[in-house]
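Enquirer: model this:
(one chain, ligands or ions: 1)
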Amino acid sequence: MFLDKIVVTKREEVAQLKQSTSIAEMEKTIAALPACLGFEKALTEGRKRKTGLIAEVKKASPSKGLIRADFDPVLLARAYEQAGTDCISVLTDVQYFQGANEYLSRIREAVRVPLLRKDFTIDEHQIYEARMIGADAILLIAAILTTEQIRDFMALSRDLGMDTLVEVHDAEELERVLTLDATLIGINNRNLHTFVTDLRTTEQLIGQIPAGKTIVSESGISGVEDIAYLQQVGADAVLIGEHFMRKPSVTEAVRELMGPLAAAVKE
Ligand SMILES: O=P(O)(O)OC[C@@H](O)[C@@H](O)c1c[nH]c2ccccc12
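Expert: Residues are numbered from 1 along each chain as shown. I've put the predicted structure just below:
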């Protein structure tokens, strides 16, 4: 199964990372960095449309293979910025998503938009690494973490100045996450075991979430009617990758998708 395979890969990566650098060394580098941009803030009080948007820089995926042939991470991120996306997500996993840490650090230099490091975080070392390469937030996937790990990783991220997007896909994961003080919760419409995507996952889970949380609906979103539906069921923001990556102009694609229902009507 994909998630099990990727966790094995990540354990190897973490072992290598631990050999190449220590936490003390990483802390030194981090101390000299500028403060993070507010990722969660950009999706709440700062958001530009009724529905917040995290646009993803995604070259390939394990289920689809290569998604965009003329992939230039910096040009794509600039185009997203121009279209007024609230935040940008950057895949850094090499093996399954053809991502790279370098993509995130180059994008960091090029735009003033808060960045999510989209990867499979299973160890503290990766959280320091995320901060070093320029992330403003990291993804924590409940399916591969214990509740205690999520709690500890949220605390460490906060100490380093980063926000966390805690991702769930089913009721059991959501229940665990709701015992923590996570304020930014992602509902992944894609089952990471089977890769089947169903937007109704958001509708099914959102009812269990108490008021005051910011809900991001993730994956498989591709039409104005999808945005309308997710608005109607109560999502505060959406995370979209593939739909934009398949369009020649991602700036136009963002405007087309987010314009009709969301542009003018910021509450
Ligand atoms: O390309 P899509 O279907 O718009 O999906 C984007 C994003 O939600 C997806 O990349 C994603 C959501 N959670 C993840 C966890 C790991 C890797 C990738 C993901």
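Enquirer: C-alpha from now on. contacts and neighbour counts both.
Expert: Fine.
Enquirer: Tell me which residues touch residue 100, please.
Expert: Neighbouring residues of residue 100 by C-alpha atoms under 8 Å, 6 or more residues apart in numbering: 91-94.
Enquirer: Next up, phi/psi of it, please.
Expert: Backbone torsions for residue 100, taken as degrees, to the nearest 10, come to phi -160, psi 140.
Enquirer: Show the model's pLDDT score for it.
Expert: Residue 100 carries a pLDDT value of 98.
Enquirer: and what of residue 264?
Expert: What the model reports as pLDDT for residue 264 is 42.
Enquirer: try residue 267
Expert: Residue 267 is given a pLDDT of 41.
Enquirer: neighbours around the closest residue to residue 176 other than its chain neighbours, how many?
Expert: Spatial nearest neighbour of residue 176, excluding adjacent residues (C-alpha to C-alpha, 6 or more residues apart in numbering): residue 147 at 6.1 Å. By other C-alpha atoms under 10 Å, 18 other residues sit near residue 147.
Enquirer: residue contacts, residue 180?
Expert: residue 151.
Enquirer: For the spatially closest residue to residue 168 that is not a sequence neighbour, grab phi and psi.
Expert: Among residues not flanking residue 168 along the chain, residue 187 sits closest, at 5.2 Å (C-alpha to C-alpha, 6+ apart). Dihedral pair for residue 187: phi -110, psi 110, per degrees, to the nearest 10.
Enquirer: can you pull up the bridge partners for residue 187?
Expert: Counting by DSSP bridges, residue 187 is bridged to residue 168, residue 217.
Enquirer: Quick check: the gap between it and the ligand.
Expert: Residue 187 sits 8 Å away from the ligand, going by C-alpha to the nearest ligand atom, to the nearest Å.
Enquirer: Correct me if wrong: that residue contacts residue 216.
Expert: Yes: Residue 187 lies in contact with residue 216 (C-alpha atoms under 8 Å); the separation is 6.1 Å.
Enquirer: For the chain, which segments count as strands?
Expert: Counting by DSSP state E, the chain has strands at residues 52-57, 60-61, 65-66, 87-91, 115-118, 137-141, 163-168, 184-188, 214-218, 237-240.
Enquirer: would you turn those into a markdown table with mean neighbour count and mean pLDDT?
Expert: Below are these laid out as a markdown table (neighbours: other C-alpha atoms under 10 Å; pLDDT from 0 to 100):
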| stretch | mean neighbour count | mean pLDDT |
| --- | --- | --- |
| strand 52-57 | 27 | 98 |
| strand 60-61 | 20 | 97 |
| strand 65-66 | 13 | 96 |
| strand 87-91 | 27 | 98 |
| strand 115-118 | 27 | 98 |
| strand 137-141 | 25 | 98 |
| strand 163-168 | 25 | 98 |
| strand 184-188 | 24 | 98 |
| strand 214-218 | 26 | 98 |
| strand 237-240 | 23 | 98 |
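Enquirer: I'd like those strands as a markdown table, with distance to residue 202 appended.
Expert: Below are the strands of the chain laid out as a markdown table (distance: least, C-alpha to C-alpha, whole Å):
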| stretch | distance to residue 202 |
| --- | --- |
| strand 52-57 | 15 |
| strand 60-61 | 21 |
| strand 65-66 | 25 |
| strand 87-91 | 19 |
| strand 115-118 | 20 |
| strand 137-141 | 16 |
| strand 163-168 | 10 |
| strand 184-188 | 6 |
| strand 214-218 | 6 |
| strand 237-240 | 11 |
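Enquirer: So for the closest residue to residue 18 other than its chain neighbours, what's the pLDDT?
Expert: Leaving aside its sequence neighbours, residue 18 sits nearest to residue 125 (C-alpha to C-alpha, 6+ apart; 7.1 Å). Residue 125 is assigned a predicted lDDT (pLDDT) of 98.
Enquirer: Wait, residue 125 touches residue 23, no?
Expert: Yes: in this structure, residue 125 is within contact of residue 23 by C-alpha under 8 Å, at 6.9 Å.
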